[in-house]
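Novice: need a 3D model of the sequence below.
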Amino acid sequence: MTYTGIDFEEMTQTTLRKPPIASEGLSGTNLVRAGEHNQRVILQAIRSNASITRTELTAITGLTPPAVAKITNRLLEERLIQTSGKVLGSRGQPASKFVISPQGAYALGLNIDRDHTTLVAMDFGGQVVDSCCMEGHFALPHDVLSFVQAQIDRLKREKRFNMNRLAGIGIGIPDKLGDIPLPNKPAGYEIWSQIDVCEFFSEALALPAYIENDATAAAIGELHFGGGGSHQNFMFTLISAGLGCGIIIGGQPYRGADGRSGEIAFIARDLFQSSHPGIVQDNLSLYSLYAFLAERGISASTPSDIKPDHPEHADAIEIWSKLAADELLGTVAVLNCALNPDSHIIGGRLPAAVIERICNRLNEQLALRLPQAPSVAQVRPAKAVEDAAPMGAAMLVFQNRYLPTPEVLMKTEYA
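Specialist: Numbering: from 1, shown residues only. Purely as a prediction, here's the structure:
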């Protein structure tokens, strides 16, 4: 028996396997001029599953079997997907299983911050094939560009991957990087807020470039590479040289009316704690931890200098971790009750042991302070660790070039 061209025997065999993952919004369209969207949907469906057949693609995207066949054939020709075995049925030809071709495309992910610059190269399957970091405070645009150009030259010499398949560079960078007043900020650093960062790198590198707030980029990195897609609604607090928060709702970044959602750094401290002037970021960043340690005679200027298990560091870091959690408590409580996330994730450049202590303290305090809340999301350390921001930045390239986004179908026409 068949239903609209689907072989029932084959469908019965495939449904005996683990059902394919259908992400929110993962549906095709038969609108005219929507071929690009449909191709992106098919690619995302294949990415979301270890392997998948055309019949399964038809079922979860809503596209017709001929449309699915045409798109998968095109993707095979473009080497963005490949076959990986077949599903044996009791009748007819075995159905081919499709998987993403890791060598089909590559992306660079660049994370620029006030204390470091990190560059990763990622394949289409999401594996980081190269990673390098330039430690250094307040690097200027041309310093960062020279670093990136040197790494690209090295990748070409080492032939780490087919550079003809390099699809672009994604950039994760704090908003208004040059404007925030910080100790020891050099003259001229405000240039970061005066140039078009995306255009600057795109023109210099002759690559398509895409830009995102670093906390949102980190949230995207965690979405795709940290939790295996298990969390579709979460907060990601990024603790680095500054403080930020990325918000994922329904598997998509939420940017707010002006693209400035998640700016928790600028919440007044006395909003939740009386008689404490300043903003939350003043006491919750790597720089604040460095200053806290310096007051106790401990020198630290990079994350590797922070040693939670070292006898001379342990007590000071334990105290700071509790203070940091208490600084975040009011903000996390409000976000929990307002947005009902399935988790609140903390990551960044702090050592993993410090992040874990902050999470544990927050979970204890939330249980005490929100006894009547109908739902309290667990606070947990990021799984994508410190490379979440550059990995998320690289993912921007794949999202913009190959995968479905809400903007793709902003303009469509009926036949």
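Novice: skipping adjacent residues, who's closest to A394 in space?
Specialist: Nearest residue to A394, sequence neighbours excluded (C-beta to C-beta, 6 or more residues apart in numbering): G109, at 3.0 Å. C-betas here are computed from N, CA, C, even on glycine.
Novice: for that neighbour, name its beta-bridge partners.
Specialist: As for beta bridges, G109 partners with V120, G170 under DSSP bridges.
Novice: quick check: it touching G168?
Specialist: No: G109 lies out of contact with G168 (C-beta atoms under 8 Å); the separation is 10.1 Å.
Novice: among those two, which residue is more densely surrounded?
Specialist: Applying other C-beta atoms under 10 Å to G109 and G168 shows that G109 carries more neighbours, namely 27 against 20.
Novice: now do the contacts for the more buried one.
Specialist: 119-122, 169-170, 172, 217, 389-397 (C-beta atoms under 8 Å, 6 or more residues apart in numbering).
Novice: buried set for the longest helix belonging to the chain?
Specialist: Secondary structure of the chain per DSSP state H: the longest helix is helix 311-339. Residues of helix 311-339 classed as buried by neighbour count (16 or more other C-beta atoms under 10 Å): 313, 316-317, 320-321, 323-333, 335-336.
Novice: where do the helices sit along the stretch 301-415 of the chain?
Specialist: For the stretch 301-415 of the chain, applying DSSP state H, counting those that start in this stretch gives helices covering 311-339, 352-369, 388-401.
Novice: N49 is nearest to which of these?
Specialist: Nearest to N49 among the helices of the stretch 301-415 of the chain is helix 388-401 (16.4 Å), distances taken as C-beta to C-beta.
Novice: C-alpha coordinates for the closest one, PDB please?
Specialist: Extracted in PDB, the C-alpha atoms of helix 388-401 (Å, rounded to 0.1, in the frame of the first residue of the first chain):
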ATOM      1  CA  ALA A 388      31.500  28.200  22.800                       C
ATOM      2  CA  ALA A 389      31.800  31.800  21.500                       C
ATOM      3  CA  PRO A 390      34.100  31.100  18.500                       C
ATOM      4  CA  MET A 391      32.300  27.900  17.700                       C
ATOM      5  CA  GLY A 392      29.000  29.700  17.800                       C
ATOM      6  CA  ALA A 393      30.600  32.400  15.600                       C
ATOM      7  CA  ALA A 394      31.600  29.700  13.000                       C
ATOM      8  CA  MET A 395      28.100  28.400  13.100                       C
ATOM      9  CA  LEU A 396      26.900  31.800  12.000                       C
ATOM     10  CA  VAL A 397      28.500  31.100   8.600                       C
ATOM     11  CA  PHE A 398      26.700  27.800   8.200                       C
ATOM     12  CA  GLN A 399      23.400  29.300   9.400                       C
ATOM     13  CA  ASN A 400      23.600  32.200   7.000                       C
ATOM     14  CA  ARG A 401      24.800  30.200   4.000                       C
END
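Novice: tell me the mean pLDDT over that helix?
Specialist: Mean pLDDT, helix 388-401: 93.
Novice: just stretch 259-270 next, same as before
Specialist: On average, the pLDDT along stretch 259-270 is 86.
Novice: could you number the chain from 212 rather than 1 from now on?
Specialist: Yes, from this point I'll number from 212; that puts the last item at stretch 470-481.
Novice: and that stretch, end to end?
Specialist: End-to-end distance of stretch 470-481: 26 Å, with C-alpha to C-alpha, to the nearest Å as the criterion.
Novice: hmm, who's touching that stretch?
Specialist: Contacts for stretch 470-481 (C-beta under 8 Å, 6+ apart): 386, 424, 426-427, 446, 448, 453-458, 465-467, 487-495, 538, 541-542.
Novice: quick one, which of those are buried?
Specialist: For the contacts of stretch 470-481, buried by 16+ other C-beta under 10 Å: 386, 424, 426-427, 446, 448, 453-458, 490-495, 538, 541-542.
Novice: what about the stretch 412-561 of the chain, any weak spots by pLDDT?
Specialist: The stretch 412-561 of the chain contains residues with pLDDT under 70 at 438-441, 483-487.
Novice: I meant the stretch 212-361 of the chain, not that one.
Specialist: Counting by pLDDT under 70, the stretch 212-361 of the chain has low-confidence residues at 212-244, 298-304.
Novice: show me the strands in it, by range?
Specialist: For the stretch 212-361 of the chain, the strands defined by DSSP state E, counting those that start in this stretch cover 213-214, 217-218, 263-264, 292-298, 306-311, 317-323, 327-334, 339-346.
Novice: got these as TSV, with distance to S510 columns?
Specialist: Formatted as TSV, the strands of the stretch 212-361 of the chain follow (distance: least, C-beta to C-beta, whole Å):
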stretch	distance to S510
strand 213-214	70
strand 217-218	67
strand 263-264	54
strand 292-298	52
strand 306-311	46
strand 317-323	25
strand 327-334	18
strand 339-346	15
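Novice: which stretch among those comes nearest R580?
Specialist: Across the strands of the stretch 212-361 of the chain, closest to R580 is strand 317-323 (C-beta to C-beta), at 33.3 Å.
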